[in-house]
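*Asks:* no letters, just coordinates:
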């Protein structure tokens, strides 16, 4: 006897697992058991196969892998005894699924068992087939199942019926073979056969139009009779539930009648009486009765119109809806949802009750009710409904707010009768649940605001007020900051006052306060801060008196560790301090954003934006309908034939605004290469290392020469490529940059000296060595070399040592290597940094002799070489 | 197919019986069970017995320390499933005599046999307790 398989009994194993206090203990017990079971399987131990499988089922239920027991199921199924087969089939259904190849092996056993003389064994095989049969098995075994539909024992017939459902779903072609035997089942008296027969017919009708036609013609009357007999049947203890005989059969019959009556007036007509009877006579104080009524209402709503019945059904739903049992209310809401398409008017009558359900304490009911309200909203009732929902938003559960907010925004956007109402509602939502508002929603709001020129003043004042109470709502802050930036002057001077407004006094510095709070709030994210920065720039022009204060705020971001904010801060500071003459032109109001284009874009980009709610980069579609001149468009400089800025100015603006679309180093490159031409460009001088912001072009040039990098890729960027870059960016939304400018582009260090090209310093058939160079600022003589070694062979190198020698005019310092083992086939690398100081800098180039020693499988290998291909001027 | 899975879970959220009528991988099952058990067990008895999760509707009912959870299609009659759970419990009661968690744990295969007689391929097969239990009793008698 196998020492392992003598292990525990099933009962003991379950006890052991139950006694486990932690998941780790449980895993240990299971692991031990699994090991014993595997050992036993390997021994091919017949005595314990049965018990092993029972254990495996338990282990499987706990969620551990049990695939190694699959073959045991097949062996048990193939064994002659009933108990073995029983557990084997159970294991088959639990441990296997139709996708596994092992299943093919069982087809033969199934076939034999379907033809077995013992009807219980036939039942087992049918049950297993019904649960797991695949398309191939369905084809192979369909004749057996078809035959068993006429088996003498009803318990076999009912299982064969359900098995047939599986078969026709897997292979719809086979459906026609089953139509006749299926309809025969409908005449049975045995409830099990009847209920399964009805289900089979329902599925046949769904799969095959011929079956539907046939059953509709031949069986409708019979089914009506069966349902009537059932509804009127005297008490039968075996099927009685709460005074109703077999509610499950009731429900299946009603479901089939629904399928038959849908779209067929005659069939619908013939079932009117019985539907009316069920709808009126069914006991309603128990779950079973209500379940039948619920199904009956569904059937009435689906079959061809009969006014009287519909009224009856809607009344039942009304009763359900006012029921105190939450389950009943839930199904009522569910049903009303389906009834909306049939009779919206009738559902509207229950609006008040449904609205109450939105406020229910039960999340399931709230969810249903909210969905229902959503479909009930139309132009006429949007105002009161939205008001209710918005009011409720204040007190709603945290979990529910996201859903609710999304629905309110959608309703308001879809049905708003006028813009002021839309803006009002959105402001309420933003103040209450601003953090749940999706990006596309507030983008849309800004588009609407910008289009409603007569409401600019009203909106900015309303936002200002809302900000005073709800400054913690990020999205509200963003919209407020944007509007103050754009329409700050209207806020201060009460321009465009509407009759409904209370006048407020806001000073220029109050307005700046708001933006300052927004930009300094710790919770503000990058987008908000960037928007605030832009708003400040705009305000500096709108409120000349605050200009100095604004500059001070902006300057504080000069040292911000987020490159984008830092860069903007320096640029904006420079604009405020030194370019008064162009400032007002730069920060003119945004052109009106084209709503149609925006909607179009949104529709097009919806799938993309749906997931980007938390991403810091927000692409705000700004309706740039003229992609040819987005920069000009952006700043509204071309309107009214204003003198267009010079092309270099355009580039400047572009660079000012178009940062994130190209890596920072590249835009820096564009700037320096272009530098000789325009003083304005010193704005951009942050791209080069030593140029102070007040520098003139000379600075840029000198810093450029000091780098002395003739092979630098920067020089590739001719003005031509710069302009092509501008146009390639043009299609994207430049306003994005104005507002947030922070794409996920890595904050490449544009302050560093220009990049030097890497070289392959040494290459043999086994090894490649590449050098990456960098310079320390202010120390042109010294070059830092990052050496990277790649193993090109299939053997791992150990005891890897790199040595280098240089002529006397050079000084060399080697740092330790990152490892002395180099993995095979390029699966990793060793890096080592070298510092070379060239005392003859500018006169002589670097040169180096190297030696690389390593062991392959313990065998010493040596490679040597000289490196002459260093970039010049290192 | 109406019923997509039947779960029995104790108060602590440990699965005591799981039967799926559609294919899910082991990981998917564990994740699904964890999610719905958390969701359902957090609800109180005044709340309704239906929870929507992913594309399932879960009908659940609590009996002492044991939760019965049935995942169904969207167009299934929720109230009928609620009644069906009760029928299942009554059937087990009749066999085990006041069924409890331990009965199901230690007679997992019998619980499965009963369920097998009641649900097949996600459809209800039989609603008569006598008919459901007949084969099981027969087997008990012979063994």
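*Replies:* Alright, I've got the coordinates. All values derive from a computational prediction rather than experimental measurement.
*Asks:* roughly how far does the residue nearest to residue A:291 when sequence neighbours are not counted sit from residue A:54?
*Replies:* The shortest distance from residue A:291 to any residue that is not its chain neighbour, by C-beta to C-beta, 6 or more residues apart in numbering or on different chains, is 3.5 Å, and that residue is residue B:79. Where C-beta positions appear, they are placed from N, C-alpha and C, glycine not excepted. Note on residue B:79: its distance to residue A:54, by C-beta to C-beta, to the nearest Å, is 35 Å.
*Asks:* who has more neighbours, the two?
*Replies:* residue B:79 (28 against 20; other C-beta atoms under 10 Å in any protein chain shown).
*Asks:* helices or strands next to whatever helix or strand that one lives in in the packing?
*Replies:* With secondary structure defined by DSSP states H and E, residue B:79 is part of helix B:78-96. Contacts defined by 3 or more C-beta pairs under 8 Å, 6 or more residues apart in numbering or on different chains; DSSP states H and E place helix B:78-96 against helix A:247-261, helix A:287-302, helix A:326-342, strand B:56-63, strand B:66-72, helix B:101-106, helix B:108-118, helix B:129-142.
*Asks:* helices along the stretch 51-200 of chain A, start to end?
*Replies:* Chain-ordered helices for the stretch 51-200 of chain A, with DSSP state H, counting those that start in this stretch as the definition, fall at A:70-78, A:82-95, A:102-114, A:119-132, A:135-148, A:154-170, A:175-185, A:191-207.
*Asks:* next, format the ones you listed as TSV and append distance to chain B and mean pLDDT.
*Replies:* Formatted as TSV, the entries for the helices of the stretch 51-200 of chain A read as follows, by distance: least, C-beta to the nearest C-beta, whole Å; pLDDT from 0 to 100:
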stretch	distance to chain B	mean pLDDT
helix A:70-78	12	88
helix A:82-95	6	89
helix A:102-114	11	88
helix A:119-132	4	91
helix A:135-148	12	91
helix A:154-170	5	93
helix A:175-185	13	91
helix A:191-207	4	93
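*Asks:* in the chain, where is pLDDT below threshold?
*Replies:* Just so you know, I chose chain A. Low-confidence regions of chain A, defined here as pLDDT under 70, cover residues A:1-7, A:97-100, A:596-755.
*Asks:* that's the other chain; I wanted chain B
*Replies:* B:1, B:143.
*Asks:* repeat that with 80
*Replies:* Scanning chain B with the threshold set as pLDDT under 80 gives B:1, B:142-143.
*Asks:* how many residues are close by residue A:402?
*Replies:* Neighbours of residue A:402 under the rule other C-beta under 10 Å: 14.
*Asks:* could you look up the SS state of it?
*Replies:* Per DSSP: H, G, I helix; E, B strand; the rest coil, the secondary structure class of residue A:402 is helix.
*Asks:* check contacts around it.
*Replies:* Under the criterion of C-beta atoms under 8 Å, 6 or more residues apart in numbering or on different chains, the neighbours of residue A:402 are residue A:436.
*Asks:* any idea how far chain B is from it?
*Replies:* Applying C-beta to the nearest C-beta, to the nearest Å, one obtains 15 Å for the distance of residue A:402 from chain B.
*Asks:* out of the helices of the stretch 51-200 of chain A, which is closest to residue B:16?
*Replies:* Between residue B:16 and the helices of the stretch 51-200 of chain A, the tightest spacing by C-beta to C-beta is seen for helix A:82-95, at 14.0 Å.
*Asks:* I'd like to know which elements that closest one is packed against.
*Replies:* Contact analysis of helix A:82-95 by 3+ C-beta pairs under 8 Å, 6+ apart lists helix A:46-61, helix A:70-78, helix A:119-132, helix B:108-118, helix B:129-142 as its packing neighbours.
*Asks:* residue A:768: which of those is closest?
*Replies:* Taking the helices and strands packed on helix A:82-95 one by one with C-beta to C-beta, helix A:70-78 is closest: 48.8 Å.
*Asks:* which residues sit against the closest one?
*Replies:* The contact list for helix A:70-78, computed with C-beta under 8 Å, 6+ apart, reads A:41, A:49-50, A:52-53, A:56, A:84-85, A:87-89, A:91-92, A:95-96, A:100, A:102, A:105-106, A:109-110, A:113.
*Asks:* anything in stretch A:271-285 near chain B?
*Replies:* No - interface with chain B: stretch A:271-285 contributes nothing (C-beta under 8 Å from any C-beta of the partner chain), its closest point being 11.4 Å away.
*Asks:* who touches stretch A:377-385?
*Replies:* Residues lying outside stretch A:377-385 but in contact with it, judged by C-beta under 8 Å, 6+ apart, are A:348, A:351, A:355, A:373, A:376, A:386, A:411-412, A:414-417, A:421.
*Asks:* buried subset of those, written for ChimeraX?
*Replies:* In ChimeraX, selecting the buried portion of these, with burial taken from 16 or more other C-beta atoms under 10 Å in any protein chain shown, looks like this:
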select /A:351,355,373,376,386,411,412,415,416
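*Asks:* which ones among the contacts of stretch A:377-385 are found in helices?
*Replies:* Among the contacts of stretch A:377-385, the subset assigned to helices under DSSP state H consists of A:348, A:351, A:355, A:373, A:376, A:386, A:411-412, A:414-415, A:421.
*Asks:* dump those into CSV; add distance to chain B as well.
*Replies:* Compiled in CSV, the ones in helices among the contacts of stretch A:377-385 are given as follows (distance: C-beta to the nearest C-beta, whole Å):
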residue, distance to chain B
A:348, 24
A:351, 21
A:355, 18
A:373, 17
A:376, 20
A:386, 25
A:411, 21
A:412, 25
A:414, 24
A:415, 26
A:421, 33
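*Asks:* and residue 43, how many neighbours?
*Replies:* I went with chain A, as the question did not name one. By other C-beta under 10 Å, 14 other residues sit near residue A:43.
*Asks:* to clarify, I was referring to chain B.
*Replies:* Residue B:43 is surrounded by 17 other residues when neighbours are defined as other C-beta under 10 Å.
*Asks:* what's the most distant pair in the ones in helices among the contacts of stretch A:377-385?
*Replies:* Farthest pair in the ones in helices among the contacts of stretch A:377-385 (C-beta to C-beta) is A:348 and A:421. Separation: 21.2 Å.
*Asks:* residue A:837 - that's part of a strand, no?
*Replies:* Yes - counting by three-state DSSP, residue A:837 falls inside a strand.
*Asks:* where along chain A do the strands fall?
*Replies:* Across chain A, reading from the start of the chain, the strands by DSSP state E fall at A:240-241, A:244-245, A:759-763, A:767-776, A:779-791, A:797-805, A:810-814, A:829-838, A:848-856, A:859-867.
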